[in-house]
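Colleague: only geometry, no sequence info:
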């Protein structure tokens, strides 16, 4: 069955009626101490399946300034963690001392790529070692340039940073790899902090005091009315993008540090409670839900925010340090890296040395069986509603609000395993 990863995010951010997300109980920090124990910082993480659809298990790839992981595994800026075995492993010789990795991502052909301040700018994993994605690299005058952020779409790579050429091609701080060669953009911006690629394959940048989009071989006019810096930007599918930063207004719209663009206008991304601030990255899960690292307010110390019902709300609390990177596992669990050493649930505190895993336990992983939220359990109407929505039809009855189709919350929509889980729970079996 096809997976539609942006369905929920687009729904949640539109003015249209939205399928609800219903979880029978809150997520928990899962047991099993993950002793990341690194020296330095994890700046980026992603999940990667080495053999795609083969028998190998997906790995958590983490990168940054790290030189050690798991307490005794020497690494050089990039390594992997196997969630099944709990083991850390180095990946080749890594990056030469003095270089750091700022981003890691997976291309459509399943190639694993990293970007950072090393001579080639971007490298790919060949199964044994990290090799340059192409000859040459970013340069700044007569010296080596620095890549500060990367975004990927298909097999294309976009890099931003401090450089004025890439492999001899003039590129003022922004370049794109088309699978064959590095190409310069049109009128490139300066002071770019982050880059994303929207659902239509167009680059959008977060810059000092404005954001803008690339199209027709030139950047469009920048968004005005920003009174402070935009430092993070990400895609919400189609032509929708969202930004976070230090601003309190954007395009003359009051927006407290977070806003989203629907293709024509900007709107604020509100907070459900006061005194919450962003302290970490933003990640969009395969089911379309949006998470961010945060602190303050009802989060107490540090935790995770979720964007839902047009506002940011607390999703998980209990971390005693800031979040620096996040990645979503194939089953929907959220891996979180940062400066914390413990993760607290309502039932107690777990050791979590700079790496924690957030998920659902037992039958809590599945949604309640009242799929159409009409107050009746084990109701044939819930079965009708489930299959109506599964076939992309309306919720039943017409005035009801159905849950989303990720019934087992594994991160995949329109998935036969959700059908199996639905009928298992409907027959009073396990999730």
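Modeller: Received, thanks. In this text, all values refer to a predicted model and were calculated from it rather than measured experimentally.
Colleague: and the protein, what are its domain boundaries?
Modeller: By the assignment in automatic domain parsing, the chain contains the domains 1-25+366-431, 28-364.
Colleague: mean pLDDT lowest where, among those domains?
Modeller: Among those, domain 1-25+366-431 has the lowest mean pLDDT, at a mean of 71.
Colleague: list the residues that contact residue 407.
Modeller: 366, 367, 371, 386, 418, 421, 422, 425 (CB atoms under 8 Å, 6 or more residues apart in numbering). Every residue, glycine included, has its C-beta placed from N, CA and C.
Colleague: same thing but 7 Å
Modeller: 366, 367, 418, 421, 422 (CB atoms under 7 Å, 6 or more residues apart in numbering).
Colleague: which residue, other than its chain neighbours, is closest to the residue nearest to the spatial centre of the chain?
Modeller: Compute the mean C-alpha point of the chain, and by CA atoms, centre = their mean the closest residue is residue 283, 2.1 Å away. Computed as CB to CB, 6 or more residues apart in numbering, the closest residue to residue 283 that is not its neighbour in sequence is residue 326, at 4.5 Å.
Colleague: ditto for residue 201
Modeller: residue 153 (5.5 Å).
Colleague: that neighbour touches residue 198, doesn't it?
Modeller: No - Residue 153 is beyond contact range of residue 198, at 8.9 Å (criterion: CB atoms under 7 Å).
Colleague: those two - which one has more neighbours?
Modeller: Between residue 153 and residue 198, counted using other CB atoms under 10 Å, the more crowded position is residue 198 (23 against 20).
Colleague: that one contacts residue 241, doesn't it?
Modeller: Yes - Residue 198 lies in contact with residue 241 (CB under 7 Å); the separation is 5.6 Å.
Colleague: quick check: neighbours shared by those two?
Modeller: Here residue 198 and residue 241 have 204, 235 as joint contacts, going by CB under 7 Å, 6+ apart.
Colleague: picking up where we left off before, of the domains of the chain, which stretch is the most buried?
Modeller: domain 28-364 (a mean of 19; mean count of other CB atoms under 10 Å).
Colleague: coming back round to it: ok now do the residue nearest to the centre of the chain, which residues does it touch?
Modeller: With CB under 7 Å, 6+ apart, residue 283 has these contacts: 291, 326, 327, 328.
Colleague: partner residues bridging it?
Modeller: As for beta bridges, residue 283 partners with residue 291 under DSSP bridges.
Colleague: residue 337 now?
Modeller: Residues in a beta bridge with residue 337, per DSSP bridges, are residue 325, residue 355.
Colleague: show me the contacts for it.
Modeller: Residue 337 neighbours (CB under 7 Å, 6+ apart): 36, 42, 45, 62, 324, 325, 354, 355.
Colleague: those into JSON lines, with extra columns for distance to residue 100?
Modeller: Output for the contacts of residue 337, formatted as JSON lines (distance: CB to CB, whole Å):
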{"residue": "36", "distance to residue 100": "17"}
{"residue": "42", "distance to residue 100": "11"}
{"residue": "45", "distance to residue 100": "15"}
{"residue": "62", "distance to residue 100": "13"}
{"residue": "324", "distance to residue 100": "13"}
{"residue": "325", "distance to residue 100": "13"}
{"residue": "354", "distance to residue 100": "17"}
{"residue": "355", "distance to residue 100": "19"}
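Colleague: which pair in those residues spans the largest distance?
Modeller: Using CB to CB, the contacts of residue 337 reach their maximum pairwise distance at 45 and 354, which is 11.7 Å.
Colleague: thinking again about what came up before, and the residue nearest to residue 283, how far from residue 129?
Modeller: 27 Å (CB to CB, to the nearest Å).
Colleague: and which of the contacts of residue 407 is nearest to residue 104?
Modeller: residue 418 (29.5 Å).
Colleague: doesn't residue 409 make contact with that closest one?
Modeller: No - Residue 418 sits out of contact with residue 409 when judged by CB under 7 Å, with a separation of 9.1 Å.
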